[in-house]
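Trainee: I would like to see how this sequence folds:
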Amino acid sequence: MGIHQSELDKRMEHFRSGCIKAGLKLTQQRLEIFKALAARDDHPDAEALFSSLRSHMPTLSLDTVYRTLWLLNDLGLINTLGPRRESIRFDANLRQHHHFVCLRCGLTRDFESDLLNELPIPEDAHAMGKVLASQVELRGICDSCSQIEAL
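Mentor: Below you'll find the model as predicted:
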């Protein structure tokens with residue numbers, strides 16, 4: 001499942017303006033890597049992005065994918081989720097949202113909740129440092145894995 005074209009267009013525009021603001025050259029490889037991530041809603045890891053891009057970008061290396069993703073993360077153009085199954089997952093959705101993670105297959109999906117957005121930050125967390133953002137991660141068993149278990 002992917003995202004709506006209007007959301008992809010917003011993400012791509014945010015990416016382009018972020019690169020310009022950072023003085024970062026907008027190369028074809030960076031554009032394709034970000035677009036591949038931004039078009040997905042499953043929070044792929046670098047290897048999955050590399051696999052999806054390899055067929056139409058045969059000279060692309062896994063190292064380039066990793067370096068690009070970490071650069072975009074450092075610039076605040078994407079976020080990381082992880083660690084998941086020994087690899088970091090990446091997310092181009094920068095709006096406040098939360099995650100459902102399947103403990104069986106690793107499926108990760110976004111969901112929005114005004115109620116969770118308004119949860120107060122505990123004093124213990126404030127004592128650790130300045131809280132810049134919060135995200136709730138729900139862990140469970142997805143419908144597909146539940147159906148397999150029911151068989």
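Trainee: show me what counts as buried in the host helix or strand of S6.
Mentor: According to DSSP states H and E, S6 maps onto helix 5-22. Residues of helix 5-22 classed as buried by neighbour count (16 or more other Cβ atoms under 10 Å): 7-8, 11-12, 15, 18-19. Every C-beta, even on glycine, is put in place using the N, C-alpha and C of the backbone.
Trainee: what's next to that helix, contact-wise?
Mentor: The contact list for helix 5-22, computed with Cβ atoms under 8 Å, 6 or more residues apart in numbering, reads 2-3, 24-26, 30-31, 34-35, 38-39, 72, 75-77, 92-94.
Trainee: what about R67, how many residues nearby?
Mentor: By the measure other Cβ atoms under 10 Å, the count of residues near R67 is 15.
Trainee: from G106, how far out is it?
Mentor: Distance of R67 to G106, computed by Cβ to Cβ, to the nearest Å: 24 Å.
Trainee: likewise M12?
Mentor: The value you get for M12 to G106, if Cβ to Cβ is used, is 27 Å.
Trainee: related to what we said a few turns ago, ok, so of the buried residues of helix 5-22, who is nearest C142?
Mentor: Closest to C142 out of the buried residues of helix 5-22 is E7 (22.1 Å), distances taken as Cβ to Cβ.
Trainee: partners of the helix or strand containing R139, with directions?
Mentor: Secondary structure from DSSP H and E places R139 in strand 137-140. Its sheet considered, strand 137-140 pairs with strand 98-102 (parallel) by DSSP bridges.
Trainee: against which helices or strands is the next helix or strand after the strand it pairs with packed?
Mentor: Per DSSP H and E, the first helix or strand lying C-terminal to strand 98-102 is strand 108-111. Here strand 108-111 touches strand 98-102, going by 3 or more Cβ pairs under 8 Å, 6 or more residues apart in numbering; DSSP states H and E.
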